[in-house]
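Participant: just coords:
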């Protein structure tokens, strides 16, 4: 509350001017990611939106759809000229460096990077290409390696824009249901795999990552160069549920889900609100599922520094890459 009045809900009108900004969004061809792309097209004058997607075919179809449907922000370039595509498979550690190289050839910087892609929940089985449990492998390891490899582009942002770059680790309220990652069996080799627990653990890893990266930026005097935020986006008719069985999916999306475009506001705020600092975390105002984004707190487990450090160490080992050279 401000001055006795009720503080107003954050809306797209509160976005800062994004003229000239280059924004990258993983998993941008469906569900929430696509809604975020559409929101930046309609509500900002950003220069480029890089859609990092696994399937070229699905991404091109999404681009056609976005071009056909979205209104253009006054004064902005034509939508097709603002959208760029990079092929990125977060479930394959050998493909990720190719995506990073492609980006380095085509762009001199990334101003906002949103780790939006995610999969998980009931019915999601299997392993990544390198035999990691699929939720942790895709949602956490893949993004970690991708961010590490493109980090020079993210660090190049402030010199161009005068403002810190922004990295957004999209988490979920599901992180609250994790009792803590079992670091002795992170790959579920010893335990019977529980699909929902795997998803919750991977979303906890996303929050651990925000804190872990924030700490390491500060240690290197880089905390003024990049701000790292996280959020629970809310409940959308999102691509995340594509692997649920058909009955569960119908129930979830029918009764509980909001149009992804409405929920996109939550990711947009985490990506653009200039009052946010590293560690800022939001969720939707109503029951953490619906409504405009408000600042909130992740669980104590999520903030546990020892757990964040342990995950960082394990992740660098698993992906075979140090995030920072020094």
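Facilitator: Received, thanks. The shown structure was predicted, so the numbers you read here are calculated from the model rather than taken from an experiment.
Participant: so where do the strands sit in the protein?
Facilitator: Assignment of strands within the chain using DSSP state E yields the ranges 22-26, 48-53, 83-87, 112-115, 165-170, 226-231, 281-286, 290-296.
Participant: looking at those, which is closest to residue 68?
Facilitator: Distances from residue 68 to each of the strands of the chain were compared by Cβ to Cβ, and the smallest falls on strand 83-87, at 12.2 Å. Glycine gets a C-beta too; all of them are placed from N, C-alpha and C.
Participant: Adjacent strands (with direction) for the closest one?
Facilitator: Strand 83-87 has the following strand partners under DSSP bridges: strand 48-53 (parallel).
Participant: pLDDT of the partner strand, averaged?
Facilitator: Throughout strand 48-53, pLDDT has a mean value of 98.
Participant: Make JSON lines out of the strands of the chain and add mean neighbour count.
Facilitator: Formatted as JSON lines, the strands of the chain follow (neighbours: other Cβ atoms under 10 Å):
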{"stretch": "strand 22-26", "mean neighbour count": "26"}
{"stretch": "strand 48-53", "mean neighbour count": "25"}
{"stretch": "strand 83-87", "mean neighbour count": "18"}
{"stretch": "strand 112-115", "mean neighbour count": "28"}
{"stretch": "strand 165-170", "mean neighbour count": "27"}
{"stretch": "strand 226-231", "mean neighbour count": "26"}
{"stretch": "strand 281-286", "mean neighbour count": "21"}
{"stretch": "strand 290-296", "mean neighbour count": "17"}
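Participant: Can you lay out the ones you listed as TSV showing distance to residue 274?
Facilitator: As requested, those are exported to TSV (distance: least, Cβ to Cβ, whole Å):
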stretch	distance to residue 274
strand 22-26	15
strand 48-53	19
strand 83-87	25
strand 112-115	12
strand 165-170	9
strand 226-231	9
strand 281-286	14
strand 290-296	14
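Participant: of all those, which lies closest to residue 75?
Facilitator: Taking Cβ to Cβ, strand 48-53 is the member of these nearest to residue 75, at 15.6 Å.
Participant: Next, the angle from that closest one to strand 22-26.
Facilitator: Here strand 48-53 runs at 20 degrees with respect to strand 22-26, directions being taken by axes from the mean of the first three to the mean of the last three Cα atoms, to 10 degrees.
Participant: And for strand 48-53, what's in contact with it?
Facilitator: 22-29, 33, 37, 40-41, 59, 62-63, 82-88, 99, 103, 107, 110, 117, 146 (Cβ atoms under 8 Å, 6 or more residues apart in numbering).
Participant: Please look at residue 27 and residue 139 and confirm they touch.
Facilitator: No - because the distance of 9.9 Å does not satisfy Cβ atoms under 8 Å, residue 27 is recorded as not touching residue 139.
Participant: shared neighbours, those two?
Facilitator: Between them, residue 27 and residue 139 share these contacting residues under Cβ under 8 Å, 6+ apart: 117, 118.
Participant: can you tell me which of the strands of the chain comes nearest to residue 12?
Facilitator: With respect to residue 12, and counting by Cβ to Cβ, the nearest of the strands of the chain is strand 290-296 at 10.2 Å.
Participant: Which strands or helices does the closest one pack on?
Facilitator: Under the contact criterion of 3 or more Cβ pairs under 8 Å, 6 or more residues apart in numbering; DSSP states H and E, strand 290-296 touches helix 260-272, strand 281-286.
Participant: show me the contacts for residue 75.
Facilitator: The neighbours of residue 75, taking Cβ under 8 Å, 6+ apart as the test, are residue 45.
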